[in-house]
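**Q** Structure, please.
(one chain, ligands or ions: 1)
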Amino acid sequence: MLNTRIKNDRLLKALRHQPNDRPPVWLMRQAGRYLPEYRRIREQAGDFMSLCKNPHLCCEVAMQPIDRFNLDAAILFSDILTIPDAMGLELSFAENQGPQFSKRIESVSDINKLPIIDPEASLAYVTEAVRTTKSALNDTIPLIGFSGSPWTLATYMVEGGSSRTFPRTKALIYTQPQAAENLLSILAINIIEYMKAQINAGADVAMIFDTWGGVLTPPGFLRFSLKPMQKIVSALKTEYPDIPVVLFTKGGGAWLEDMAASGADGLGLDWTCDLGNAFNRVGRQVALQGNLDPGALYGAEEIIREQVLAVLTACNNQPGHIFNLGHGIEPGVDPEKVKFVVDTVHQFRYK
Ligand code: CP3
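**A** Model prediction:
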C-alpha cells in the first residue's frame, strides 16, 4: 500500500533514507491542551474519551496543528489506552487527573480471561477517525497511526492508571514472569490487529509508543518490552512491507542497536540521547526521529534556535532524520514558541 500520491512526502522519504531538502518535522502531542482551539473542542465534547469517540472532532483537533504550523505529518487523534478499554477495563479520565481503569489486572486468572478483540468492531470509532482525518488531509501529508507498546499498556492495566514506580507491574514480572509474558502476548496480538485496522483505514505510518520501556533493566527490556514489540514489527512488515514502522522507547537510548535489529524503519529518541552519536550507531539501519528537549520550549527564541539547530546539524546532512521533540509538548507551552521551532526547521536546508 505504498502511498505515492502524497504531495509532501518528506516523512516517508526520511523513513526510507531518501534525500530531502530538509528534515520533515512533526511534534509528539502536537494536538493537545497547549492549543486554545483544542481546549474549546475538548470543552464541547465534555470529556476526553467522548472526544476520542467522536471521529469528526478527532479529525478537527488532528488538523488544528497542521493548519497552524504547516507540519509535515499529521497524527491520528486518539489515545494509547483505547485497547485496554476495548478489552473491558473501562477507561475514564477525570478532570485534571490521569487515566483511570475501573477494573485492573490483579491475578493470573484475570490475565487468562482477557479477550482477543476485533478492533473493526470495538474500536470502530478509531478506524472511523483515521478515515475522516485521511479524507480531510486530502493526500497533502502522511497520517501517522499509533498504538502503545505491549509493555506500556500492561503497566496501565496492572497499576489501574498512571504510576511513578510501577510497584504492581514490577511485582508481576519478578513473581510471575510467565504470566507477564502471557499478558504481553495477548496485548501484542490485539495491537497487531489494531494497527492493521488503522492501516486498512488509511494510516501511512505505524508508530508504537513505548513510554515506559525505559524503567526496565537491560535484560528486562529485551524480554518484556522489545520481544513483544518485535512480534508487532514482524507481523506488520510481513503484511504491509511498504508501511514504515517507528518504535519510540522513552529512556531507550542504551538499547538502540537491539531496537534497530527489530526490523523497524525508524526509532524515536528522547532528549537524553545524543542524536549524532545515535546516528553513528544505528543511522545506517534505521531513520531517527527526535529529539529536542520539550523543556526547550520554555526558553527564549535565541535559545530555542540554538537548540533546534543543534538537533538539525547532529546527523551531518545525512538523510534519515525526522525532526521531533524527545517527548510530548507540555500543556503550558506557548503555541508561538511551537511555531518558532517549526519555522526554524522549515528555514533549514541540507548542504
Ligand atoms: O497529538 C498527538 O500526539 C495525538 C494524540 C495522542 C494523545 N495521547 C492525546 C491525549 C497520543 C499519540 C497519545 C499517546 C499517549 N497517551 C501516550 C504515549 C505517548 C507519551 O506521551 O508518552 C500515553 C502514555 C498516553 C496515556 C495518557 N493519555 C495519559 C497518561 C494522559 C493524561 C496525562 C495528560 O497528558 O493529560 C492522557 C490524556 C491525553 N491524551 C490528552 C491528550 C490530548 C490530554 C487529555 C485532555 O484533554 O485533558
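**Q** Let me know the pLDDT of the residue of the chain most remote from its centre.
**A** Farthest-out residue of the chain from its mean C-alpha position, per Cα atoms, centre = their mean: Ser109, at 30.5 Å. On pLDDT, Ser109 comes in at 97.
**Q** what helix or strand is it on?
**A** Using DSSP states H and E, Ser109 sits within helix 108-112.
**Q** now do Val311
**A** helix 301-313.
**Q** contacting residues around that helix?
**A** Helix 301-313 is touched from outside by 22-23, 275, 290-293, 296-297, 299, 323, 337, 340-341, 344-345, 348, with contacts defined as Cβ atoms under 8 Å, 6 or more residues apart in numbering. Where you see a C-beta, it was placed from the backbone N, CA and C, and this is true even at glycine.
**Q** tell me the contacts of Ala129?
**A** Cys52, Pro55, Cys58, Cys59, Ala62, Leu76, Phe77, Ser78.
**Q** near the ligand too, which of the residues you listed?
**A** Checking the contacts of Ala129 against the ligand by Cβ under 6 Å from any ligand atom, the ones in range are Phe77.
**Q** which helices and strands sit right next to the helix holding Ser109?
**A** Judged by 3 or more Cβ pairs under 8 Å, 6 or more residues apart in numbering; DSSP states H and E, helix 108-112 is in contact with helix 177-200.
**Q** Could you list the buried residues of the helix it packs on?
**A** Neighbour-count burial for helix 177-200 flags 179-181, 183-184, 186-200 (criterion: 16 or more other Cβ atoms under 10 Å).
**Q** what's the distance between that helix and the middle of its chain?
**A** The chain centroid and the centroid of helix 177-200 are separated by 16 Å under Cα atoms, centre = their mean, to the nearest Å.
**Q** one step back: alpha carbons only: can I get the helix holding Val311 in PDB?
**A** These are the backbone C-alpha positions of helix 301-313, laid out as PDB (Å, rounded to 0.1, in the frame of the first residue of the first chain):
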ATOM      1  CA  GLU A 301      13.700  32.400  21.000                       C
ATOM      2  CA  GLU A 302      17.500  32.600  20.600                       C
ATOM      3  CA  ILE A 303      17.900  29.700  23.000                       C
ATOM      4  CA  ILE A 304      15.300  27.700  21.100                       C
ATOM      5  CA  ARG A 305      17.000  28.400  17.800                       C
ATOM      6  CA  GLU A 306      20.400  27.200  19.100                       C
ATOM      7  CA  GLN A 307      18.800  24.000  20.500                       C
ATOM      8  CA  VAL A 308      16.900  23.300  17.300                       C
ATOM      9  CA  LEU A 309      20.000  23.900  15.100                       C
ATOM     10  CA  ALA A 310      22.000  21.500  17.300                       C
ATOM     11  CA  VAL A 311      19.400  18.800  16.500                       C
ATOM     12  CA  LEU A 312      19.200  19.700  12.800                       C
ATOM     13  CA  THR A 313      23.000  19.500  12.300                       C
END
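**Q** Number the chain from 124, please
**A** Done: numbering now begins at 124, and the last item shifts to helix 424-436.
**Q** low-scoring stretches of the protein, by residue?
**A** Low-confidence segments of the chain, defined by pLDDT under 70: 124-127.
**Q** rerun at 50
**A** 124 (pLDDT under 50).
**Q** rewinding a little: now tell me what touches the very next helix or strand once past the helix holding Ser232 from outside.
**A** Once the chain leaves helix 231-235, the next helix or strand it forms, by DSSP H and E, is helix 242-245. The contact list for helix 242-245 (Cβ under 8 Å, 6+ apart) reads Ala209, Val249, Thr250, Asn313, Glu316, Tyr317, Ala320.
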